[in-house]
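>>> Starting from these lines, generate the structure:
(2 chains, ligands or ions: 3)
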Amino acid sequence: MNALRRSLRLVFETAQNALGRIFPDAWNPLLNLGALGFFFYWVVTVSGIYVYAFFDTGAAQAFGSVETMTNEQWFHAGLMRSLHRYASDGLVVVMLLHLLREFANDRYRGARSFSWLTGVPVLVLVYVAGITGYWLVWDKLAQYVAIVTSEWLDKAGIFGQPIARNFLSPEHLSDRFFTLMVFMHIAVPLIALLILWVHLQRITKPRINPPRGLAVGTLLSLLVLSLVWPATSQGPADLLEVPADIGLDWFYLPLYPLFETLPGPVTWGSSIALLVMFLAIPWLPPMRRASPARVDLVNCNGCARCFADCPYSAITMVARSDGRPFEREAQVNASLCVACGICAGACPTATPFRRATPLHPGIDLPDLPLAAIRERLHAASARLTERPRIIVFGCGNGVPLSGLDSPGVGVVQLACSGHLPPSFIDYVLSRDLAEGVVLTGCAENDCHNRFGISWTEQRIAGERDPYLRQRVPRERLRTLWAGPLGRHRLEALLETFAAELSRLPSLAEERARRRRELAEAGDD
Amino acid sequence: MTDLLRYVGQAVFYAVVVLGIGYFSQRPIYEHIPPDKAQILLSFSHGGARVEACRRLSAEEIARLPPGQRRPNTCSRRRLPIRVQLVLDETVIFDQVLEPGGLAGDSPAHAYEKFLVPTGRHRLLVRLEDRGRTDRFAYESELVVDLRPRQNLPIDFKADKGGFIFYL
Ligand code: HEM
Ligand code: SF4
Ligand code: SF4
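Residues are numbered from 1 along each chain as shown, chains lettered A, B, ... in the order given. Ligands and ions are numbered 1, 2, ... in the order given. From the prediction side, this is the model:
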């Protein structure tokens, strides 16, 4: 499973980087798959409502009404019909890519298994919606879909009278069944939407709308496709003729030729096995779960910064329980916590400067406490023999860090780039632990923990608590956001950064200069 | 890369994606059955005769029943299996005994069988026996038909309409 995940991740990273060359970072389609899913869903909904207004329910009328849309009303209803079909196909494509990508990026296990598990019924319902949709046109494809679906259901052997007998001959066909399909085609997507809402329950500020540029590009290209190559029907259904050469929608119906020919136990056995496997994937194998973040009330003043920064809604602010004169305190819901440490990076009490007292922030990761990170920082700094010395803070989810240490470069590993309280950067430079600091992690817009990069950038820019202090010389700080393929970029950056640093005056000289300036300012 | 080139790149990307969507939403064509074949679809739901006919109970038998369940007749609801045969141009291509449905064997038996046959002129013979006899069939129908390529010929059975029904 590990090897599969890693190779899939490389495929995604390569494709992402390629798209990154033509798309602005924020618009990269591969970084917006969930949001694109919602976008397609809305296009399908709007075009579906429009088409429904011109659709006649009933086995005898349906085909004719759809033909009228495509031929006589091609410039509105026909266009909407094409949009409806192609956006449904787009939905399947981005949904499958989305789930593959969450898998490849290992974002489906542990606390995140909730999102995976709630995704599975959506997957099934999207397919049911598509299949019932093709049924409604009542052309040759619909006939094929109706017959193969009902024969497949009959193979389960739990229905008395075979359902497929409803499609035996024109005399057997009834509008009742048709009405049921129309109902399902409307109800199933609504249920899917409801489950999608649940799907996002454990995600803070989910990105459900693609950036405008991407949305416009997607809609425009769907429109062009619909005009150039409108969706058409494949001749009226005729139960006295076997639908022979069928243009299948391979996004929705790729398994139909198999379902049709394989015996019941095989199709049902593999369908059930596939479903069970999908549901079991988060435990194949289970994640070695890092211990969830822990609140230390003695150091928590109830400021709610951790609450605001947690990407997985794992923190709630509750009434104070220890009698100290604060209104609230942070509380971690262990089952939601992915141990990213972003909360520790947000806590104002997480400052490395007070060396007299042990470093105990209000909230911390038991498996990788900030005290340990400070220890490692000191150790890494002590190992550096070559100037300029550079400390790299990185998460290892993005740019790989192993083997990067050298006489001039010391690596300190974090759980996430957002795990690092900005005061640590100040600490490195003002305590003379290194001449420069590099922060690195996942690719921009692709943070493994969703907000690690955004929060870090905002903290450095002074837009989000806790700020990186103004006095920190920004020319001694570099950030590199790149995926697993970004190692050579990091190495190149380290090289140029070292060259730049060696041209700067030493830290001691700089401090002396600043003291002089302050003194002069005082004299005036 | 210049902005213009990037926009061109995006346009190319979108074009490739929607071409893929447009193509695979209806191609490649799936050949469901070969052009020189037609299909016979034999399907019906029919209950065979009861295993035993209803019979009057004797006075002693009635007396033996619990007071709440005393009645003058007894009827086993179990049905007999049905035997069906399909003969195409003197060859028996289907000959099966269908068990009744339902847990107690009291529901109709169901058939749903497809046969791919060469197109052209054929003599079809369908037979059904629902009274448990082995030496004859209660129903028999014959059809001489010129099957078109990819024609579907459904055959149903309804006892109250006199037997087999061919839909042409
Ligand atoms: C139409 C279908 C779907 C839509 C529209 C959709 C949408 C989304 C969105 C918007 C997010 C939040 C992304 C973010 O803001 O970081 C998300 C997360 C997620 N989705 Fe889906 N999803 C769909 C189907 C699925 C399916 C079928 C699966 C898997 C079986 C799945 C697995 C996940 C997982 C594991 C996450 C969590 C990622 C994390 O924890 O960072 N989704 N989905
Ligand atoms: S470690 Fe991450 S997921 Fe857990 S509480 Fe802190 S911010 Fe939230
Ligand atoms: S950021 Fe720290 S001090 Fe503020 S509520 Fe969270 S744990 Fe408490």
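
>>> When you work out contacts or count neighbours from here on, use the C-alpha atoms and nothing else.
Will do.

>>> Note down every partner strand of the helix or strand bottoming out on mean pLDDT in chain B and its orientation.
Ranking every helix and strand in chain B by mean pLDDT, DSSP states H and E puts strand B:73-74 at the bottom, with a mean of 72. Strand B:73-74 has its sheet partners listed here by DSSP bridges as strand B:55-56 (antiparallel).

>>> Spatially central residue in chain B, please.
Centroid-nearest residue in chain B: B:Tyr112, 1.8 Å away (criterion: C-alpha atoms, centre = their mean).

>>> do you know how far it is from A:Cys347?
Distance, B:Tyr112 to A:Cys347, using C-alpha to C-alpha, to the nearest Å: 69 Å.

>>> repeat for B:Pro118
79 Å.

>>> Give me the contacts around the least confident helix or strand of chain B.
Outside strand B:73-74, the residues within contact range by C-alpha atoms under 8 Å, 6 or more residues apart in numbering or on different chains are B:Cys54, B:Arg55, B:Arg56, B:Leu57.

>>> and the stretch 51-200 of chain A, which residues reach ligand 1?
A:Met95, A:Leu99, A:Glu102, A:Arg107, A:Tyr108, A:Arg112, A:Ser115, A:Trp116, A:Gly119, A:Val120, A:Val122, A:Leu123 (C-alpha under 6 Å from any ligand atom).

>>> mind running it again at 5 Å?
A:Met95, A:Leu99, A:Tyr108, A:Arg112, A:Ser115, A:Trp116, A:Gly119, A:Val120, A:Leu123 (C-alpha under 5 Å from any ligand atom).

>>> for chain B, same thing?
Counting by C-alpha under 5 Å from any ligand atom, no residue of chain B is near ligand 1.

>>> Check which helices and strands the following helix or strand past the least confident helix or strand of chain B is in contact with.
Downstream of strand B:73-74, the next assigned helix or strand under DSSP states H and E is strand B:82-88. Contacting strand B:82-88 under the criterion 3 or more C-alpha pairs under 8 Å, 6 or more residues apart in numbering or on different chains; DSSP states H and E are the following elements: strand B:91-98, strand B:120-129.

>>> need these in CSV with mean neighbour count and mean pLDDT, can you?
Below are those laid out as CSV (neighbours: other C-alpha atoms under 10 Å in any protein chain shown; pLDDT from 0 to 100):
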stretch, mean neighbour count, mean pLDDT
strand B:91-98, 13, 86
strand B:120-129, 18, 89
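
>>> Distance to ligand 2 for these - can I get that in a markdown table?
Formatted as a markdown table, the helices and strands packed on strand B:82-88 follow (distance: least, C-alpha to the nearest ligand atom, whole Å):
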| stretch | distance to ligand 2 |
| --- | --- |
| strand B:91-98 | 61 |
| strand B:120-129 | 70 |
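
>>> so which of the residues of the stretch 51-200 of chain A next to ligand 1 also contact chain B?
When C-alpha under 8 Å from any C-alpha of the partner chain is applied, no member of these is adjacent to chain B.

>>> Would you mind giving me the ChimeraX syntax to select the buried ones in these?
Restricted to buried positions by 16 or more other C-alpha atoms under 10 Å in any protein chain shown, the ChimeraX selection for those reads:
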select /A:95,99,108,112,115,116,119,120
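
>>> what's the lowest-pLDDT member of the residues of the stretch 51-200 of chain A next to ligand 1?
In terms of pLDDT, A:Arg112 ranks lowest among those, with 86.

>>> how far away is it from A:Leu200?
A:Arg112 is 11 Å from A:Leu200, by C-alpha to C-alpha.

>>> Kindly report the same for A:His360.
33 Å.

>>> before we move on, the earlier item: show me which of B:Pro118 and A:Cys347 is the more surrounded one.
Shown here are B:Pro118 and A:Cys347; by other C-alpha atoms under 10 Å in any protein chain shown, A:Cys347 has more neighbours (27 against 17).

>>> for the more buried one, phi and psi?
phi -80, psi 130 (degrees, to the nearest 10).

>>> Then A:Pro236?
Taking degrees, to the nearest 10 as the convention, A:Pro236 sits at phi -60, psi 150.

>>> Identify the residues contacting B:Val12.
B:Val12 neighbours (C-alpha under 8 Å, 6+ apart): none.

>>> Where does residue 45 fall, secondary structure wise?
In the absence of a named chain, chain A is used. Applying DSSP H and E, one finds A:Thr45 within helix A:33-53.

>>> my bad, the chain I had in mind was chain B
strand B:37-46.

>>> Which of the three states applies to A:Thr440?
Secondary structure, DSSP: H, G, I helix; E, B strand; the rest coil: A:Thr440 is strand.

>>> ok, what's across the strand from it?
A:Gly394, A:Leu480.

>>> A:Thr479 is in contact with that one, correct?
Yes. With contact defined as C-alpha atoms under 8 Å, A:Thr440 counts as touching A:Thr479 (5.7 Å).

>>> For the stretch 251-400 of chain A, which segments are assigned as helices?
A:256-261, A:264-280, A:305-309, A:342-346, A:370-383 (DSSP state H, counting those that start in this stretch).

>>> what helices or strands is the third one leaning on?
With contacts taken as 3+ C-alpha pairs under 8 Å, 6+ apart, helix A:305-309 sits against strand A:315-319, helix A:342-346.

>>> And the contacts of it?
Under C-alpha under 8 Å, 6+ apart, the answer for helix A:305-309 is A:313-317, A:330, A:342-344, A:346-347, A:451, A:455, A:465.
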